[in-house]
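K.L.:
here is the input, now give the coordinates:
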Amino acid sequence: MSNSFALTHGEISLRIIKARDAKTVERLVLSNRAWLKPWEATNPHGPTSFDFKSQIRGLLRQLENDEGIPFLILYKGEIVGQLNVANILHGSVSSCVIGYWIIPEVAGKGITPTAVALAMDYVFKVVGLHRVEIDIRPDNEASVRVVEKLGLRHEGLKKNYIHINNAWRDHLVFALTADEVPDGVLNRWLRREVPKIKSRDQKD
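P.N.:
As a prediction, this is how the structure comes out:
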């Protein structure tokens, strides 16, 4: 897979992370510890590594192996976060998982839902996957609002799913399939055609 392309809508874009981005990503992550730490994956067997060069090398290996797509989120040409397409499976499963973060200075500007929509449209239309899943801690209200804006279905709860901020945490499961958005996730959102989805508090 080429690592030279970019996905763009207005002032928001996604591009593949590069080794030379390590210092910028390190600066953004370490200078926003209070904002990011509650939602960061941690190592249950030891200290969490902040070796960003090594992390990026690992992400690029996943890209080479068609197992993931590591994007940076840019706003007005500046790096403001990351979005990773991970756990790519083809064949009868044909799915992936998306995770993301942005810096607090640009939160609330519609950047994250736009970036997620761009990534979902790419994996549906170009990579050819059938299903995208996004897993979110129940108390991460800002991230839940992102998937609800884009009309992802709430499918359930994964108990003690990911080690986050030094403990095993439950995660809500949200998903969407390609046949639900034939005209694209971004187009549906921009046209305000996202259907109302059942509240996470509503019982079947």
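
K.L.:
quick one, strands of this protein?
P.N.:
With strands called from DSSP state E, the chain shows them at 6-9, 12-16, 69-75, 78-89, 95-102, 131-136, 153-164, 167-177.

K.L.:
out of these, flag the one nearest D183.
P.N.:
Nearest to D183, of all the strands of the chain, is strand 167-177, at 13.1 Å by Cβ to Cβ. To be clear about C-beta, it is placed using only N, CA and C from the backbone, and glycine gets the same treatment.

K.L.:
could you check the angle the closest one makes with strand 131-136?
P.N.:
If you take axes from the mean of the first three to the mean of the last three Cα atoms, to 10 degrees, strand 167-177 sits at 150 degrees to strand 131-136.

K.L.:
just checking: what are the partner strands of strand 167-177?
P.N.:
The strands that strand 167-177 pairs with in its sheet are strand 131-136 (antiparallel), strand 153-164 (antiparallel) (by DSSP bridges).

K.L.:
please convert those to CSV, extending it with distance to P195 and mean neighbour count.
P.N.:
Listed next are the strands paired with strand 167-177 as CSV, based on distance: least, Cβ to Cβ, whole Å; neighbours: other Cβ atoms under 10 Å:
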stretch, distance to P195, mean neighbour count
strand 131-136, 17, 21
strand 153-164, 10, 14
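
K.L.:
for F50, find the nearest of those strands.
P.N.:
Closest to F50 of the strands paired with strand 167-177, according to Cβ to Cβ: strand 153-164, at 16.1 Å.

K.L.:
before we move on, the earlier item: quick one: the strands paired with strand 167-177 as CSV, columns for mean pLDDT too.
P.N.:
Output for these, formatted as CSV (pLDDT from 0 to 100):
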stretch, mean pLDDT
strand 131-136, 98
strand 153-164, 96
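
K.L.:
got the ones you listed as a markdown table, with distance to P113 columns?
P.N.:
Shown next, in a markdown table, are the strands paired with strand 167-177 (distance: least, Cβ to Cβ, whole Å):
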| stretch | distance to P113 |
| --- | --- |
| strand 131-136 | 11 |
| strand 153-164 | 16 |
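
K.L.:
right, and these - which one's nearest N43?
P.N.:
Here strand 153-164 is closest among those (Cβ to Cβ), at 7.1 Å.

K.L.:
and N187, which of the strands paired with strand 167-177 is closest to it?
P.N.:
Evaluated over the strands paired with strand 167-177, closeness to N187 peaks at strand 131-136, with 15.8 Å, by Cβ to Cβ.

K.L.:
hang on, the earlier thing: so which of the strands paired with strand 167-177 comes closest to R61?
P.N.:
Using Cβ to Cβ, those put strand 153-164 closest to R61, at 20.9 Å.

K.L.:
and for the nearest residue to Q55 once chain neighbours are set aside, the neighbour number?
P.N.:
Leaving aside its sequence neighbours, Q55 sits nearest to S49 (Cβ to Cβ, 6 or more residues apart in numbering; 7.3 Å). Other residues near S49 come to 9 when the count uses other Cβ atoms under 10 Å.
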